[in-house]
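Visitor: Structure of the sequence below:
(one chain, ligands or ions: 2)
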Amino acid sequence: MLNRIKSFISGKGKKQQPAYQRQVIPRDQHTVSRSLISDPAKKVLSRLNKAGFEAYLVGGGVRDILLDGRPKDFDVATDATPEEVRDLFRNSRMIGRRFRIVHVLFGREVIEVTTFRGNAADADDESDDDRRANEHGLLLRDNVYGSMEEDALRRDFTVNALYYSLEDFSVIDFTGGVEDLRQRRLTLIGDPETRYREDPVRMLRAIRFAGKLDFTLAPATEAPIRELAPLLTHIPSARLFDEVLKLFSAGHGAATYDLLLEYGLFAPLFPATAAALEAGEPDGVIRQALANTDRRIAQGKSVTPYFMYAALIWPALQAEWKRRQDDGEPAQPALHGAINDVIGEQVKATAIPRRFSGPMKEIWELQMRLPRRNGKRAFATLSHPRFRAAYDFLLVREAAGEDTEGLGQWWTDFQQTDERGQERMLSELAPAGARNSKRRRRRRKPQTKA
Ligand code: ATP
Ligand code: MG
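Guide: Ligands and ions are numbered 1, 2, ... in the order given. Next up, the predicted model:
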């Protein structure tokens, strides 16, 4: 087994990596306090232990507690097989195609239990059907069980490969994760290029943790990203959608966006937006929406993925809408065509579930309805189920510098005043005919002036 670890560490003999050494940090030398571990997580650990299995808290739970943070969720690693785990917990289900995992459910809390996984030298073994890579080095299957050490070495970053034992309250570190935590540094385990090729999503995880934890990337971990970024196009679009949501809803979306741009990772995720930005379309709406999202998360408010996505694709929509109008299409059908085009393009990169693409379209379409307020139109728009999101989106556009001729303030006032006030506001609007001709003239100019 030692050989297998060694050959893995040395990147199948291609590149030299530091030899990792197991370190045990006893309870009085670390800050993991049991009180920060949820009761369900403790229950899962102790029941596995009582049944004679090894079981540890691992991943973000240990990392975040050591950083004095509140973990988002708890992951458990064990030498019990998924079947054995499932048999121990009535409230559990087996999930996963890439790897089989058991989810143990406690009300709304889910404890993810994974069996120690190995891999290492087996990747070269033709007879091994459980671990296969394609010609780009992408792992297609990764289902081999292994020892705890092997499990540590196939995790992504050293700070994510720390194990906490509830039997003796020690932290076990195979890869120097404790030191990296101290240095606030993300180091990919093993040979970075090999590990990114195996799973290009690790590049996104590097950016996500750097943004969220305010960590730096170790030089060797950082070096290959720009060149390997295009490998993301090999990842199933549904997985990328999930990753994008995680990237932008961890409370540091604005910083994360900058990092994605810096490392060339934004373009494979949002090709049409990247092309529009390249062609000079501004990204103020994206930045503003992400800053708002970060603020909402800091205030403990919910965030809606479709709002975020509507902003992330806005530059592409603007570019396509303009192009169609320059080709002579009238504004309304040009908008509909552009909406269908950009969504059609985007789902090739990251899937967008229908429950999100529907509301996105509505937010965009309402941007064109918001200026049309005459007669009963304002009331119809106000009672649209997506009015609130569309109004917020309008404010984001204004905050980003788009000139909407005070439309946001008008709608703010319109919502706050009483019925008589609303009637007065409507009567003060210019007559429909005059407004229409004005609008038509205006729309020939570029939509975005930010
Ligand atoms: P979060 O706070 O977002 O939950 P996390 O580190 O717990 O962060 P998870 O996605 O919950 O991230 O994954 C749990 C653990 O599984 C990680 O800490 C890491 O050890 C391992 N892991 C997850 N994804 C990968 C991957 N793509 N490659 C290697 N190891 C991974
Ligand atoms: Mg986690």
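
Visitor: Report the closest residue of the protein relative to ligand 2.
Guide: Nearest residue of the chain to ligand 2 (Cβ to the ion) works out as residue 60 at 3.7 Å. (C-beta placed from N, C-alpha, C; glycine too.)

Visitor: got the phi/psi numbers for residue 115?
Guide: Per-residue torsions, residue 115: phi -80, psi 140 (degrees, to the nearest 10).

Visitor: That one is in contact with residue 76, isn't it?
Guide: No - in terms of Cβ atoms under 8 Å, residue 115 does not count as a neighbour of residue 76; the distance is 10.1 Å.

Visitor: Compare neighbour counts for those two and give me the winner.
Guide: Per other Cβ atoms under 10 Å, whichever of residue 115 and residue 76 has more neighbours is residue 76, with 25 against 22.

Visitor: Could you verify that that one is part of a strand?
Guide: Yes - assessed with DSSP: H, G, I helix; E, B strand; the rest coil, residue 76 lies in a strand.

Visitor: Give the bridge partners for it, please.
Guide: Beta bridges link residue 76 to residue 57, residue 113 when assigned by DSSP bridges.

Visitor: contacting residues for it?
Guide: Contacts for residue 76 (Cβ atoms under 8 Å, 6 or more residues apart in numbering) come out as 41, 44-45, 48, 55-58, 111-114.

Visitor: Mind doing that once more with 10 Å?
Guide: Counting by Cβ atoms under 10 Å, 6 or more residues apart in numbering, residue 76 makes contact with 41, 44-45, 48, 55-59, 61, 85, 102, 104, 111-114, 163-164, 166.

Visitor: How about residue 345?
Guide: Residue 345 neighbours (Cβ under 10 Å, 6+ apart): 270-273, 275, 313, 316, 320.

Visitor: what would the residues you listed look like in TSV with secondary structure and distance to ligand 1?
Guide: Listed next are the contacts of residue 345 as TSV, based on DSSP: H, G, I helix; E, B strand; the rest coil; distance: Cβ to the nearest ligand atom, whole Å:
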residue	secondary structure	distance to ligand 1
270	coil	21
271	helix	22
272	helix	26
273	helix	24
275	helix	28
313	coil	24
316	helix	28
320	helix	34
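
Visitor: near ligand 2, which of those show up?
Guide: Restricting the contacts of residue 345 to those touching ligand 2 (Cβ under 5 Å from the ion) yields no residues.

Visitor: List buried residues within these.
Guide: Among those, those classed as buried by 16 or more other Cβ atoms under 10 Å are 270-273, 313, 316, 320.

Visitor: Tell me how confident the model is about stretch 159-174, as a mean pLDDT.
Guide: Per-residue pLDDT over stretch 159-174 has a mean of 95.

Visitor: Please see if that stretch touches ligand 1.
Guide: Yes - Stretch 159-174 comes into contact with ligand 1 (Cβ under 6 Å from any ligand atom), by way of 160-161.

Visitor: Count the neighbours of the closest residue to residue 116 other than its chain neighbours for me.
Guide: Setting aside the residues directly before and after it, residue 116 is nearest to residue 151 in space (Cβ to Cβ, 6 or more residues apart in numbering), at 3.9 Å. A count of nearby residues for residue 151, using other Cβ under 10 Å, gives 24.

Visitor: Residue 151 against residue 145, yeah?
Guide: Yes - judged on Cβ atoms under 10 Å, residue 151 makes contact with residue 145 at a distance of 8.9 Å.

Visitor: intersection of neighbour lists for those two?
Guide: Common contacts of residue 151 and residue 145 (Cβ under 10 Å, 6+ apart): 79, 115-118.
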